[in-house]
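K.L.:
sharing a model prediction with you, sequence too.
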Amino acid sequence: MRERVLKAFEEAFDVPADIDTATLVYRDYEPWTSIGHMMLVAALEAEFDIMMETDDILAMSDFEKAVAMMEKYAAA
(Lines give C-alpha, C1' and ligand atoms only; values in the text may rest on other atoms or scores of the structure.)
Protein backbone atom coordinates (compact mmCIF):
# COMPACT_ATOMS: atom_id res chain seq x y z
CA MET A 1 0.00 0.00 0.00
CA ARG A 2 2.75 2.43 0.95
CA GLU A 3 4.45 1.87 -2.40
CA ARG A 4 1.27 2.71 -4.31
CA VAL A 5 0.68 5.85 -2.25
CA LEU A 6 4.30 6.88 -2.78
CA LYS A 7 3.78 6.35 -6.51
CA ALA A 8 0.95 8.90 -6.40
CA PHE A 9 3.17 11.34 -4.48
CA GLU A 10 5.89 10.81 -7.08
CA GLU A 11 3.40 11.60 -9.84
CA ALA A 12 1.93 14.65 -8.12
CA PHE A 13 5.14 16.18 -6.74
CA ASP A 14 7.95 14.52 -8.69
CA VAL A 15 9.51 13.28 -5.44
CA PRO A 16 12.38 10.80 -5.56
CA ALA A 17 11.47 7.22 -4.66
CA ASP A 18 13.91 7.26 -1.72
CA ILE A 19 12.43 10.36 -0.03
CA ASP A 20 11.91 10.30 3.73
CA THR A 21 8.11 10.08 3.78
CA ALA A 22 8.04 11.80 7.19
CA THR A 23 8.87 15.02 5.31
CA LEU A 24 5.72 14.76 3.20
CA VAL A 25 3.46 17.06 5.20
CA TYR A 26 0.88 19.41 3.71
CA ARG A 27 2.27 22.96 3.53
CA ASP A 28 5.58 21.87 5.14
CA TYR A 29 6.71 20.10 1.98
CA GLU A 30 7.09 23.02 -0.44
CA PRO A 31 5.32 21.54 -3.51
CA TRP A 32 2.36 20.39 -1.41
CA THR A 33 0.29 23.55 -1.75
CA SER A 34 -3.48 23.70 -2.14
CA ILE A 35 -3.08 23.17 -5.89
CA GLY A 36 -0.58 20.40 -5.26
CA HIS A 37 -3.09 18.82 -2.90
CA MET A 38 -5.63 18.54 -5.71
CA MET A 39 -2.97 17.05 -7.98
CA LEU A 40 -2.24 14.48 -5.27
CA VAL A 41 -5.92 13.66 -4.88
CA ALA A 42 -6.20 13.11 -8.63
CA ALA A 43 -3.11 10.88 -8.60
CA LEU A 44 -4.45 8.82 -5.67
CA GLU A 45 -7.88 8.48 -7.26
CA ALA A 46 -6.28 7.29 -10.51
CA GLU A 47 -3.86 4.90 -8.77
CA PHE A 48 -6.60 3.30 -6.64
CA ASP A 49 -9.53 3.77 -9.07
CA ILE A 50 -11.62 5.51 -6.41
CA MET A 51 -13.46 8.77 -5.74
CA MET A 52 -12.37 10.23 -2.42
CA GLU A 53 -14.87 11.74 -0.02
CA THR A 54 -14.56 15.49 0.60
CA ASP A 55 -13.90 14.97 4.33
CA ASP A 56 -11.01 12.62 3.52
CA ILE A 57 -9.55 15.08 1.01
CA LEU A 58 -9.59 17.81 3.63
CA ALA A 59 -8.18 15.56 6.39
CA MET A 60 -5.27 14.20 4.35
CA SER A 61 -2.39 16.21 5.77
CA ASP A 62 0.62 13.91 5.59
CA PHE A 63 1.89 10.77 3.95
CA GLU A 64 0.84 8.45 6.79
CA LYS A 65 -2.73 9.76 6.73
CA ALA A 66 -2.81 9.23 2.97
CA VAL A 67 -1.73 5.61 3.46
CA ALA A 68 -4.39 5.07 6.15
CA MET A 69 -7.08 6.54 3.92
CA MET A 70 -6.11 4.40 0.95
CA GLU A 71 -6.19 1.33 3.20
CA LYS A 72 -9.74 2.32 4.18
CA TYR A 73 -10.77 2.71 0.54
CA ALA A 74 -9.13 -0.59 -0.41
CA ALA A 75 -11.06 -2.36 2.34
CA ALA A 76 -14.41 -0.94 1.18
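P.N.:
Yep, it's here.

K.L.:
stretch 63-76: how far from the chain's middle?
P.N.:
Between the centre of stretch 63-76 and the centre of its chain there are 9 Å (CA atoms, centre = their mean, to the nearest Å).

K.L.:
identify each buried residue in that stretch, please.
P.N.:
63, 66-67, 69-70, 73 (16 or more other CB atoms under 10 Å). The way it works is simple: take the backbone N, C-alpha and C, and place the C-beta from them, glycine included.

K.L.:
before we move on, what about stretch 5-24?
P.N.:
When neighbours are counted by 16+ other CB under 10 Å, the buried residues of stretch 5-24 are found to be 5-6, 8-9, 11-13, 15, 21, 24.

K.L.:
try stretch 28-44
P.N.:
By neighbour count on 16+ other CB under 10 Å, the buried set for stretch 28-44 is 29, 32, 36-37, 39-41, 43-44.

K.L.:
would you format those residues as a markdown table with pLDDT and distance to L58 included?
P.N.:
As requested, these are exported to a markdown table (pLDDT from 0 to 100; distance: CB to CB, whole Å):
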| residue | pLDDT | distance to L58 |
| --- | --- | --- |
| Y29 | 96 | 17 |
| W32 | 97 | 14 |
| G36 | 97 | 15 |
| H37 | 98 | 9 |
| M39 | 98 | 16 |
| L40 | 98 | 13 |
| V41 | 98 | 10 |
| A43 | 98 | 17 |
| L44 | 98 | 14 |
